[in-house]
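Participant: structure for this input, please:
(one chain, ligands or ions: 1)
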Amino acid sequence: MSVLVFIECADGKVKKSSLEAAFYGNQVATQLGTSAVGVAIGEVAADELKNLGQYGITKVLHDTEARLKDYVSQAYVKVVAAAAEKESASVIVLSNTNIGTGIGARLAARLQASYATNVVALPEISGETLKVKKTVFSGKAFADEVLTAATKIIALKKNAIEVAPTGSAEAGVEPFTTPLTDADFSGTPQETIRATGDVLLTEADIVVSGGRGLRGPENWHLIEDLAKALGAATACSKPVADVEWRPHHEHVGQTGITISPNLYIAVGISGAIQHLAGVNSSKVIVVINKDPEAPFFKAADYGIVGDVFEVVPKLIEAAKALEK
Ligand SMILES: Cc1cc2nc3c(=O)[nH]c(=O)nc-3n(C[C@H](O)[C@H](O)[C@H](O)COP(=O)(O)OP(=O)(O)OC[C@H]3O[C@@H](n4cnc5c(N)ncnc54)[C@H](O)[C@@H]3O)c2cc1C
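Facilitator: This next block holds a predicted model:
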């Protein structure tokens, strides 16, 4: 029996959300008196996988088959299922990302497993069952879910737990091969075009987001300059994408991307409920709006009542000064 953690990688690196999943998986393994093993797929540097030892992973099974270079859901699910079988995994942990939840759903069907998404805390263990806390209703409430099947799959929400890497332990990396057929690659991406700029929006620690208060695309340099100074990703509200001031892949909210960065800075965004649905699990929310009655202030940790055209340039200067 072990805990298996699916390690998601991009650009040859382990994603930050998977470091969290690894740390969480190790804590669950400790609760169960077992160890945590990772499974990684595709191109990723060996040092990145060894580094998972600092997050409590003892060993990583690494499937490097050339056809697995890009994410193909059927094939990836087969690899994770094979790893789960090899390691007799009773718990499988993945990140609550598009890829993680996609794999989790197929895997649950394949393994007849219990499956909880949006999990935000360590489980309570009682005999063969695990009780997990998760967010529901677009992050507006919590629910407890009891997982009773022999195999339990947990999709951990990004930024939900504090991660503390320990010491300099290295995980062992083992080549892992799964027999795959052409049918496993029936839907293969032909080309992957990176949607965002320097910092991937869904993985970013800091996000600077603009709304209609920016008045037009010609003012977007304020958002971009602040983001650059803070090492942040950029995002926007839906109407901004609808009128093509910004591309749609930057639109966050109920009908856009859901994010949970450490810091979300909302610039000239009113804070409509549909917008909040995509950002309200951010750790710290800062709102800049000239209207003191803007609904976003109710969800904010810090608020600046002021004109974005006066406030943001000052923030950019301050952030640049911190860099020096
Ligand atoms: C079914 C449905 C789904 C939706 N999904 C989404 C979604 O996923 N994401 C999303 O964002 N929206 C979504 N919406 C739209 C949502 O309801 C809001 O209309 C939208 O979020 C408002 O965008 P905004 O805050 O940029 O613009 P506005 O509501 O126009 O707000 C602009 C804000 O900027 C402030 N402002 C103006 N000038 C300045 C200035 N100079 N300095 C400082 N502040 C200034 C104003 O006070 C105001 O609060 C959805 C709506 C529906 C019906």
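
Participant: what about the lowest-mean-pLDDT helix or strand in the chain, distance to the chain center?
Facilitator: Ranking every helix and strand in the chain by mean pLDDT, DSSP states H and E puts strand 9-10 at the bottom, with a mean of 92. Its chain's average C-alpha position is 12 Å from that of strand 9-10, according to Cα atoms, centre = their mean, to the nearest Å.

Participant: ok, residues contacting the helix or strand that comes right after that strand?
Facilitator: Where DSSP states H and E defines the elements, the next helix or strand beyond strand 9-10 is strand 13-14. By Cβ atoms under 8 Å, 6 or more residues apart in numbering, the surrounding residues in contact with strand 13-14 are Ile7, Glu8, Ala40, Val44, Ala45, Glu48, Leu49, Asn51, Leu52. Where C-beta positions appear, they are placed from N, C-alpha and C, glycine not excepted.

Participant: which residues are in contact with the least confident helix or strand of the chain?
Facilitator: Residues from elsewhere that reach strand 9-10, judged by Cβ under 8 Å, 6+ apart: Lys15, Ser18, Ala40, Ile41, Gly42, Glu43, Val44, Glu48, Leu200, Glu203.

Participant: list the contacts for the closest residue to the third one other than its chain neighbours?
Facilitator: Setting aside the residues directly before and after it, Ala40 is nearest to Ile7 in space (Cβ to Cβ, 6 or more residues apart in numbering), at 4.1 Å. Under the criterion of Cβ under 8 Å, 6+ apart, the neighbours of Ile7 are Val14, Ser18, Ala21, Ala22, Gly38, Val39, Ala40, Val44, Leu49, Leu52, Ile57, Val60.

Participant: returning to what we had before: what lines up beside the least confident helix or strand of the chain in the sheet?
Facilitator: Sheet pairing here is set by DSSP bridges, and for strand 9-10 it gives strand 13-14 (antiparallel).

Participant: which of the contacts of strand 9-10 has the most neighbours?
Facilitator: When neighbours are counted by other Cβ atoms under 10 Å, Ser18 leads the contacts of strand 9-10 with 31 neighbours.

Participant: who does the strand or helix carrying that residue touch, helix- and strand-wise?
Facilitator: Secondary structure here is read from DSSP H and E; on that basis Ser18 sits in helix 16-32. Other elements packing on helix 16-32 under the criterion 3 or more Cβ pairs under 8 Å, 6 or more residues apart in numbering; DSSP states H and E are strand 2-7, strand 36-41, strand 57-63, strand 89-95, strand 152-156.

Participant: now do the buried residues in that helix.
Facilitator: For helix 16-32, burial by neighbour count (16 or more other Cβ atoms under 10 Å) applies to 16-29, 32.

Participant: distance of Lys78 from the ligand?
Facilitator: Between Lys78 and the ligand the distance is 34 Å, computed by Cβ to the nearest ligand atom, to the nearest Å.

Participant: burial check on that residue, number of neighbours?
Facilitator: Lys78 has 21 neighbouring residues, counting by other Cβ under 10 Å.

Participant: assign it to helix, strand or coil.
Facilitator: For Lys78, the assignment made with DSSP: H, G, I helix; E, B strand; the rest coil gives helix.

Participant: which parts of the stretch 201-324 of the chain sit against the ligand?
Facilitator: Taking Cβ under 6 Å from any ligand atom as the test, the list of the stretch 201-324 of the chain residues beside the ligand reads 211-213, 237-240, 251, 253-256, 268-270, 272, 274-275, 278, 289-291, 294, 307-309.
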